[in-house]
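J.: Provided below for reference: sequence and predicted model.
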Amino acid sequence: MTDVAQPSSAQDVRDWDNTFNMHPWESMGTAPADRMIAARGEGIYLIDPDGRKYIDGPGGMWNVQVGYGNAEIAQAMADQAMALPFNSPWYFASDPASQLAKKLTELTPGDLNWVFFTTGGSSAVDSALRFMQFYNNLKGRPNKKITISREKAYHGSTYLAATMSGKERDRTFMDAATELVRFLPDVSPLLRPDGMSIAEWGDEKIADLENLITDVGAENIGAFIAEPILASGGVIVPPDGYHARTLEICRANDILYISDEVVTGFGRLGHWFASEEVFDIVPDIITCAKGITSGYAPLGAMLVSDRLVDELKAEDRGDVMFSNGFTNSSHPVSCAAALKNLEIMERDGVLEHVREITPYFQERVRRLERFDVVAEARGVGLVGAIEGAVAPADASEEDRLRIDYEFGARIDKACEARGLIVRPSINMCVFSPPLVITREQVDDMFDILEAAIAEVESSLTSRDL
């Protein structure tokens, strides 16, 4: 039997990571990434092997709602692992999965009372798209399979979910089922022409959807999938009323509306789900993951309306099944983590805290627009982003690409040097800290971010990016 090698130093961890561990979105270049090593976490902080604390600006990629080091969630997972670490969802039910399913239906809007557990956000979106295909096949509409998505959207990394993702530069050298998707133009109000109001821009974006349905044919379109805010695409908030109007158009054309709440679900905007409470829609399907467990264990879910399920139920369909699932669907330890996470959020008033602190958080976001290198600072709830404006208007596409990436990388580096992790995305930096962040910690975070932007802006006076 071969012993498992143990690192003798932080350098061993970094060397082994550089040599053997292929990370998501890993560059195939020869230079190693040399990532910061996260040794442990505490509250809103990540801590490196030397004990230095870093504010986790991205919140573990939108999902560590109650923060790091929560002993209650850890104990709930340990207790469940001792009682029942795994059961096959094909053959058995379990207490935590059934409890969680019931709990989720109490939190969802409208009649979304069916819960299909997955392993994460990508598999939740993939399952929703497959359900749409299954639904239309059973209704005798085999051609109604195209999904409408949006530029800047991100819906996951499985083949179908990645197909629906409209972030530029993400899919270079990667295949996709392009025949199954059509993309609407970017909805960012920042792109509207001079003199156009946001309301007029919203009308134009609605016209984009109507025109696309006319061109493709409603008989060929099965679903419209949309994040309430386009999170990874740069925290893009569509114009007021956009979601309600798109839902109305989908209903009129018998197109299923899928709200991808992998980021916005479980308190990020101050509510369990943002669809109804923030954007005034009750979709046909909601996909969720991330904050459901605060990142303590992998788990996702597709939430489906009674209306859709009732349409498919019939006595002569007893042998018809939704042939989709995962070995770790309804994983009992993950479900136990989710139940304890939701209990803590309710007991400790986390959603109320988010709603209370959001105005100040967003005020600090907007202050960042005082810098010349910031084209826009935007956000909603405890999500924010800055978008850089450093590339000259007459720059070539190649130079613009280089300058945009360099800007994001330099903001990231300047923040990390000061003890803040942000998420660079081309010429943007995105942040979504744990929901338990205090007002004082909000100030710490934005004070660092302002100093980092000032440093980068100052360097531009001496040399171009």
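T.: All right, it came through fine. Numbers count the residues shown, from 1 in each chain.
J.: how close does F173 sit to Y405?
T.: Distance of F173 to Y405, computed by C-beta to C-beta, to the nearest Å: 17 Å. Glycine gets a C-beta too; all of them are placed from N, C-alpha and C.
J.: More neighbours: which of these two?
T.: Counted by other C-beta atoms under 10 Å, F173 and Y405 do not tie: Y405 has more neighbours, with 16 against 5.
J.: so what's that one up against?
T.: 426-427 (C-beta atoms under 8 Å, 6 or more residues apart in numbering).
J.: Number the residues from 34 up from this point.
T.: Fine by me, first position is 34 from now on; the one you just mentioned is Y438.
J.: For S42, give its distance to W49.
T.: For S42 relative to W49 (C-beta to C-beta), the value is 11 Å.
J.: more crowded one of the two?
T.: A count of neighbours by other C-beta under 10 Å puts W49 above the other of S42 and W49, at 12 against 9.
J.: got the domain boundaries for this structure?
T.: 43-99+382-492, 105-380 (automatic domain parsing).
J.: Return the most buried member of these.
T.: Scoring those by mean neighbour count under mean count of other C-beta atoms under 10 Å gives domain 105-380 as the most buried, with a mean of 19.
J.: can you give me the offset of that one from its chain's centre?
T.: 11 Å (C-alpha atoms, centre = their mean, to the nearest Å).
J.: Just the mean pLDDT for it, thanks.
T.: Taken as a whole, domain 105-380 carries a mean pLDDT of 96.
J.: What is the end-to-end distance of it?
T.: 13 Å (C-alpha to C-alpha, to the nearest Å).
J.: can you check stretch 251-265 too?
T.: Stretch 251-265 has an end-to-end distance of 29 Å (C-alpha to C-alpha).
J.: element containing R443?
T.: helix 430-451 (DSSP states H and E).
J.: That helix: how far from the chain's middle?
T.: The chain centre lies 22 Å from the centre of helix 430-451; the measure is C-alpha atoms, centre = their mean.
J.: and the helix or strand just after it, which strands flank it?
T.: Next helix or strand after helix 430-451 toward the C-terminus (DSSP H and E): strand 453-454. Sheet pairing here is set by DSSP bridges, and for strand 453-454 it gives strand 86-89 (parallel).
J.: So for P40, what's the pLDDT?
T.: We have a pLDDT of 86 for P40.
J.: Who are the contact partners of A134?
T.: By C-beta under 8 Å, 6+ apart, the residues touching A134 are 148, 150.
J.: Closest to the centroid, which residue in the chain?
T.: V296 (3.5 Å; C-alpha atoms, centre = their mean).
J.: Now that one: closest residue in space, sequence neighbours ignored.
T.: In space, and not counting its chain neighbours, V296 is closest to A264: 4.1 Å by C-beta to C-beta, 6 or more residues apart in numbering.
J.: And D432, by the same measure?
T.: A424 (7.0 Å).
J.: Pretty sure the one you found sits against D437.
T.: Yes. The pair A424 / D437 is scored as a contact, 6.1 Å apart, by C-beta atoms under 8 Å.
J.: what do these two both touch?
T.: N460.
J.: ok so, going back, would a markdown table of the domains of the chain with distance to V37 be doable?
T.: Output for those, formatted as a markdown table (distance: least, C-beta to C-beta, whole Å):
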| stretch | distance to V37 |
| --- | --- |
| domain 43-99+382-492 | 12 |
| domain 105-380 | 20 |
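J.: just the helices in the stretch 284-433 of the chain please.
T.: Assigned by DSSP state H, counting those that start in this stretch, the helices in the stretch 284-433 of the chain fall at 307-310, 339-345, 365-380, 383-400, 430-451.
J.: Mind putting the ones you listed into TSV with distance to L415?
T.: Listed next are the helices of the stretch 284-433 of the chain as TSV, based on distance: least, C-beta to C-beta, whole Å:
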stretch	distance to L415
helix 307-310	12
helix 339-345	32
helix 365-380	13
helix 383-400	6
helix 430-451	18
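J.: For S491, which of those helices is the nearest?
T.: Of all these, the one in closest proximity to S491, counting by C-beta to C-beta, is helix 430-451 (10.5 Å).
J.: After the host helix or strand of I106, which helix or strand is next?
T.: Assigned by DSSP H and E, I106 belongs to helix 104-116. Sequence order places helix 128-140 as the next helix or strand after helix 104-116, per DSSP H and E.
J.: Export stretch 342-353 to CSV, keeping only CA atoms.
T.: Provided in CSV are the C-alpha atoms of stretch 342-353 (Å, rounded to 0.1, in the frame of the first residue of the first chain):
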residue,chain,number,x,y,z
VAL,A,342,-46.0,18.5,-13.7
ASP,A,343,-49.8,18.3,-13.8
GLU,A,344,-49.8,18.7,-17.6
LEU,A,345,-47.5,15.6,-17.8
LYS,A,346,-49.4,13.4,-15.4
ALA,A,347,-51.8,10.8,-16.9
GLU,A,348,-52.8,7.3,-16.2
ASP,A,349,-51.4,6.1,-19.6
ARG,A,350,-48.0,7.5,-18.8
GLY,A,351,-47.2,5.2,-15.9
ASP,A,352,-44.1,3.9,-17.7
VAL,A,353,-42.9,7.3,-18.8
